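*Asks:* A structural model of the following input is requested.
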Amino acid sequence: MKRRIAIVASHPIQYHAHWYRELARSPDLEVEVLYAHRATAGDQAQAGFGVDFDWDVPLLEGYRYRFLRNVSRKPGLNEFGGTDSPELRSIMIHERFDAVVVSGWHTKSYWQAIRACWESGTPVMVRSDSHLHDDRPAFRKILKWLPYRYFISRIDACLAAGTWSRDYFLHYGARPERVFIVPHCTGLTAPVARDVAAHRRALRSRWGIRENACVFLFAGKFIARKRPFDFMRAVAAASAPGAPVHGLIVGDGPLRGEMEELGASLCAPVTFTGFLNQTEMPDAYTAADILVLPSDQDTWGLVVNEAMTRGRACIVSDRVGCAPDLIEPGRTGFVFPLGDVHALTEYIRQIANTQSMASRMGAEAEKLMARYSPRAAADALNRAVAAIMED
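*Replies:* Just a heads-up that it's a prediction; the model follows:
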């Protein structure tokens, strides 16, 4: 008999839909996703990209879902009270799910779901990629200690994205046998069989990139915590001796004007593509050789999964949550200290000046992604459900 599982999520997210579809195909689970908010194009702009858009991939196909009534006075995704779903109490009491997965604890709806599970006696599983490797003030950590120790110790299963998030749960009192790794995944697939080399040449020509250049990709929101200026300075410095280095910058956001001014002042060999939607992102990976993610406070960095699935190694800062799981220095990429532009520059130079290094590391990165597929994530959740149901 199938176990009936609810997943409480804030809104449809492009990275999660593929996992939900894979769960819907599970012979052991009957899954329904409960969404707390129907995001608008404006919500996407406020999240950091600075432009209104809707994702151009199907987010609501292939699995069961429903939208909850959001009674918040200021509906949205940027504040704790932006989602308010009081009907969750009635749903948990009367519909009797075998277990409920809550996608964090940073919205009011998530807390409403957790409390409703405790009240109804429904096993609650919380998924998170939070970690301890940040510079948040000491007083905030002190204030969190007791309440986090209280509620995390009461969770039936802690679903960690990776090493650092597992350590986070354990730090706040989770029992080791109740912590399960449910890896992050994306729906991006490996390139289809076609003349990739010709397509790559055409893309580079369109974006004004020399055919023999070693291309380093920045893809994300143009906001301070993504540290795009570090990327631009490193590309400019690495190319100064005449090295065949080029920066491909994909995205948009409030820092766009300042980034363009910096690029001009440094004479940096960079191309701005503007925002690219999900179906366009494979072109960026095809044109590039290496992804660079210099972020601060990036709890995981799913763009790394995307790049590796496309056979691209990655350079990430030591604050990016996926680093200990996805980056094996010299094999799938490199890790540099946050804000250390000199160290990032040296890695860029090393890769650009070492023939075949980018392709060799990219091949290893692509192999690793077999462990971070929607199927792998679905199997991991199934094992976690089975474990808590057997207790």
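
*Asks:* what sits against the residue most central in space within the chain?
*Replies:* With distances taken as C-alpha atoms, centre = their mean, the residue of the chain nearest its centroid is Leu302 (2.9 Å). Counting by C-beta atoms under 8 Å, 6 or more residues apart in numbering, Leu302 makes contact with 15, 184, 186. C-beta coordinates here come from the backbone N, C-alpha and C atoms, glycine included.

*Asks:* Then Arg175?
*Replies:* Arg175 touches Ser153, counting by C-beta under 8 Å, 6+ apart.

*Asks:* Do you know the pLDDT at the nearest residue to Leu59 once chain neighbours are set aside?
*Replies:* Distances taken as C-beta to C-beta, 6 or more residues apart in numbering put Pro12 closest to Leu59, at 3.9 Å, once the chain neighbours are dropped. For Pro12, the pLDDT comes out at 95.

*Asks:* quick one: Pro12 and Leu34 touch, right?
*Replies:* No - applying C-beta atoms under 8 Å, one finds Pro12 not in contact with Leu34, separated by 11.7 Å.

*Asks:* Would you mind telling me which of the two has more residues around it?
*Replies:* Leu34 (24 against 19; other C-beta atoms under 10 Å).

*Asks:* Checking that one next. Helix, strand or coil?
*Replies:* strand (DSSP: H, G, I helix; E, B strand; the rest coil).

*Asks:* any chance you could map the strands in the stretch 251-391 of the chain?
*Replies:* 270-274, 290-293, 313-317, 333-336 (DSSP state E, counting those that start in this stretch).

*Asks:* From Val57, how far out is the residue nearest to Leu59?
*Replies:* The gap separating Pro12 from Val57 is 10 Å, by C-beta to C-beta, to the nearest Å.

*Asks:* Also Asp156?
*Replies:* 33 Å.

*Asks:* Break this structure down into its domains, please.
*Replies:* Annotated domains of the chain cover 3-185+373-390, 196-371 [automatic domain parsing].

*Asks:* Start and end of the last one, how far apart?
*Replies:* Across its full length, domain 196-371 reaches 25 Å between end residues, using C-alpha to C-alpha, to the nearest Å.

*Asks:* change the start of the numbering to 787 and stick with it
*Replies:* Sure, I'll start counting at 787 from here, so that last one is domain 982-1157.

*Asks:* could you give the mean pLDDT of that domain?
*Replies:* 96.

*Asks:* closest one to Ile928 among the strands of the stretch 1037-1177 of the chain?
*Replies:* strand 1099-1103 (26.1 Å; C-beta to C-beta).

*Asks:* Mind giving me the packing neighbours of the closest one?
*Replies:* With contacts defined as 3 or more C-beta pairs under 8 Å, 6 or more residues apart in numbering; DSSP states H and E, strand 1099-1103 has these neighbours: strand 1076-1079, helix 1088-1095, helix 1109-1112, strand 1119-1122, helix 1127-1139, helix 1143-1154.

*Asks:* Tabulate the ones you listed in a markdown table, adding columns for distance to Glu963.
*Replies:* Putting these into a markdown table (distance: least, C-beta to C-beta, whole Å) gives the following:
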| stretch | distance to Glu963 |
| --- | --- |
| strand 1076-1079 | 33 |
| helix 1088-1095 | 27 |
| helix 1109-1112 | 21 |
| strand 1119-1122 | 30 |
| helix 1127-1139 | 39 |
| helix 1143-1154 | 27 |
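
*Asks:* Compare these and report which one is nearest to Tyr849.
*Replies:* Nearest of those (C-beta to C-beta): helix 1088-1095, 19.2 Å.

*Asks:* Now do the closest one against helix 1143-1154, angle only.
*Replies:* Here helix 1088-1095 points in a direction 100 degrees away from that of helix 1143-1154 (axes from the mean of the first three to the mean of the last three C-alpha atoms, to 10 degrees).

*Asks:* residues contacting Gly942?
*Replies:* Residue 942: Asp, not Gly. Asp942 touches 885, 909-911, 964, 1174, counting by C-beta under 8 Å, 6+ apart.

*Asks:* Which ones among the residues you listed lie within strands?
*Replies:* 885, 910-911 (DSSP state E).

*Asks:* What mean pLDDT does stretch 946-958 get?
*Replies:* For stretch 946-958, the per-residue pLDDT averages 97.

*Asks:* list the buried ones in it?
*Replies:* Within stretch 946-958, the residues scored as buried using 16 or more other C-beta atoms under 10 Å are 946-948, 950-956, 958.

*Asks:* Quick check: bridge partners of Val887?
*Replies:* With DSSP bridges as the criterion, Val887 is bridged to Ile793, Met911.

*Asks:* And it, how far from Ala988?
*Replies:* For Val887, the distance to Ala988 - C-beta to C-beta - is 43 Å.

*Asks:* With Ala825 instead?
*Replies:* 34 Å.

*Asks:* out of those two, which sits in the more crowded spot?
*Replies:* Ala825 (20 against 14).

*Asks:* Nearest spatial neighbour of that one, chain-adjacent residues omitted?
*Replies:* His797 (4.2 Å).

*Asks:* Also His957?
*Replies:* Nearest non-adjacent residue to His957 (C-beta to C-beta, 6+ apart): Leu918, at 6.2 Å.

*Asks:* Could you report the neighbour count for the one you found?
*Replies:* Neighbours of Leu918 (other C-beta under 10 Å): 12.

*Asks:* Next, the buried residues of whatever helix or strand Leu932 lives in.
*Replies:* For Leu932, the element it lies in under DSSP states H and E is helix 924-939. Of all the residues in helix 924-939, those buried under the rule 16+ other C-beta under 10 Å are 934, 937-938.

*Asks:* For that helix, list the C-alpha coordinates in PDB.
*Replies:* What follows is helix 924-939, C-alpha atoms only, in PDB (Å, rounded to 0.1, in the frame of the first residue of the first chain):
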ATOM      1  CA  ALA A 924      27.000  36.100  17.600                       C
ATOM      2  CA  PHE A 925      23.900  37.500  19.300                       C
ATOM      3  CA  ARG A 926      21.700  36.000  16.600                       C
ATOM      4  CA  LYS A 927      23.300  32.600  17.000                       C
ATOM      5  CA  ILE A 928      22.700  32.800  20.800                       C
ATOM      6  CA  LEU A 929      19.100  33.800  20.400                       C
ATOM      7  CA  LYS A 930      18.500  30.800  18.000                       C
ATOM      8  CA  TRP A 931      20.200  28.200  20.200                       C
ATOM      9  CA  LEU A 932      17.400  27.200  22.600                       C
ATOM     10  CA  PRO A 933      14.300  27.500  20.300                       C
ATOM     11  CA  TYR A 934      16.200  25.700  17.500                       C
ATOM     12  CA  ARG A 935      17.300  23.000  19.800                       C
ATOM     13  CA  TYR A 936      13.700  22.600  20.900                       C
ATOM     14  CA  PHE A 937      12.000  22.300  17.600                       C
ATOM     15  CA  ILE A 938      14.700  20.500  15.600                       C
ATOM     16  CA  SER A 939      14.900  17.800  18.300                       C
END
